[in-house]
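Colleague: What follows is a predicted structure for the sequence shown.
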Amino acid sequence: NAGVTQTPKFQVLKTGQSMTLQCAQDMNHEYMSWYRQDPGMGLRLIHYSVGAGITDQGEVPNGYNVSRSTTEDFPLRLLSAAPSQTSVYFCASSYFGGGTEAFFGQGTRLTVV
Amino acid sequence: AQTVTQSQPEMSVQEAETVTLSCTYDTSESDYYLFWYKQPPSRQMILVIRQEAYKQQNATENRFSVNFQKAAKSFSLKISDSQLGDAAMYFCAYRSPQNAGNMLTFGGGTRLMVKP
């Protein structure tokens, strides 16, 4: 059982380039989300999804797009990378229910130069 | 919107001793969930313990326990008999049952160092 798989683990981009961070889960979770982690700020929500075909914005959505065509996959697209998007990105998934555990991928460290 | 504050950016503890990490939150809701996550150097986020606000009893998981003070909006984590493997970043997180996507609001984190 793989859980939540993120790829790549590390990435360096030049300003203006685009890329997609991949996230896949094999637990049949309805909910998936993307967070970014910056020093001293914890994790902040970028986008989330409550099911296939349904996405919504989180706290810091600017510069990012998401889609959810299947229950398993929830890719995050950086449209035109900026140095301010240098961060560690985490994908998470969970079942419906407030007390349920959120399972996280291992993160992607992205550097934009 | 809810906010979560961890006022201790760094803490250190001697191996086998006890340490308490602080977390406060701001909310107008009466029903919610609180979590502590551990992030070791591997970056993996690991659930340590969870608390449901309507339960008065403090949650306990082996050497980890919480002191949940609902009126004070405080949710501290106590680690007993600290081990070298406890060295990590610890994040406190809040979840509202009203949130559509089970989203978590995180504090800024506390880095725990364990001295041998």
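Modeller: Yep, that arrived. All values reported here derive from a predicted model rather than from experimental measurement.
Colleague: make it CA atoms for all contacts and neighbour counts henceforth
Modeller: Noted.
Colleague: which residues sit in contact with B:Tyr54?
Modeller: B:30-32 (Cα atoms under 8 Å, 6 or more residues apart in numbering or on different chains).
Colleague: Look at it and report its pLDDT.
Modeller: B:Tyr54 is assigned 91 on the pLDDT scale.
Colleague: same thing with B:Ser7?
Modeller: 96.
Colleague: Kindly report the same for the one 4 residues further on.
Modeller: For B:Met11, the pLDDT comes out at 97.
Colleague: Pretty sure A:Ser84 sits in a strand.
Modeller: No: A:Ser84 sits outside any strand when classified using DSSP: H, G, I helix; E, B strand; the rest coil, being helix.
Colleague: Do me a favour and get the end-to-end distance for stretch A:100-109?
Modeller: In stretch A:100-109, first residue to last residue: 27 Å (Cα to Cα, to the nearest Å).
Colleague: Name the residues of that stretch that are buried.
Modeller: Judged by neighbour count (16 or more other Cα atoms under 10 Å in any protein chain shown), stretch A:100-109 contains these buried residues: A:101-109.
Colleague: moving C-terminal of the strand ranked longest in chain A, what's the next helix or strand?
Modeller: When chain A is parsed with DSSP state E, its longest strand is strand A:42-51. Next along the chain after strand A:42-51, taking DSSP states H and E as the criterion, comes strand A:54-57.
Colleague: Would you mind pulling up the elements that that next one packs against?
Modeller: strand A:42-51 (3 or more Cα pairs under 8 Å, 6 or more residues apart in numbering or on different chains; DSSP states H and E).
Colleague: Can you give the strand pairings for the strand it packs on, parallel or anti for each?
Modeller: strand A:31-38 (antiparallel), strand A:54-57 (antiparallel) (DSSP bridges).
Colleague: what does it rub up against?
Modeller: A:30-37, A:55-61, A:64, A:66, A:68, A:71, B:91, B:100-101, B:103-109.
Colleague: what pLDDT does A:Asn1 get?
Modeller: Confidence score, pLDDT, at A:Asn1: 63.
Colleague: ditto for A:Tyr95
Modeller: 89.
Colleague: excluding its backbone neighbours, what's nearest it?
Modeller: Distances taken as Cα to Cα, 6 or more residues apart in numbering or on different chains place A:His29 nearest to A:Tyr95, at 4.9 Å, with adjacent residues excluded.
Colleague: how about the residues of chain A that lie near chain B?
Modeller: Residues of chain A lying close to chain B (Cα under 8 Å from any Cα of the partner chain) are A:31-33, A:39-45, A:48-50, A:94, A:96-99, A:101-107.
Colleague: near chain A, which of the contacts of B:Tyr54 show up?
Modeller: B:Tyr32.
Colleague: Output the below-cut-off pLDDT ranges for the chain.
Modeller: You didn't pick a chain, so chain A it is. A:1 (pLDDT under 70).
Colleague: what does the lowest-mean-pLDDT helix or strand in chain B contact?
Modeller: Using mean pLDDT, DSSP states H and E, strand B:60-61 stands out as the lowest-scoring helix or strand of chain B, at a mean of 93. The contact list for strand B:60-61 (Cα under 8 Å, 6+ apart) reads B:48-49, B:66.
Colleague: Distance from the chain centre to that strand, please.
Modeller: Relative to its chain's centre, strand B:60-61 lies at 12 Å (Cα atoms, centre = their mean, to the nearest Å).
Colleague: quick one: strands adjacent to that strand?
Modeller: Neighbouring strands of strand B:60-61 in its sheet, by DSSP bridges, are strand B:64-69 (antiparallel).
Colleague: Cheers, nothing more for now.
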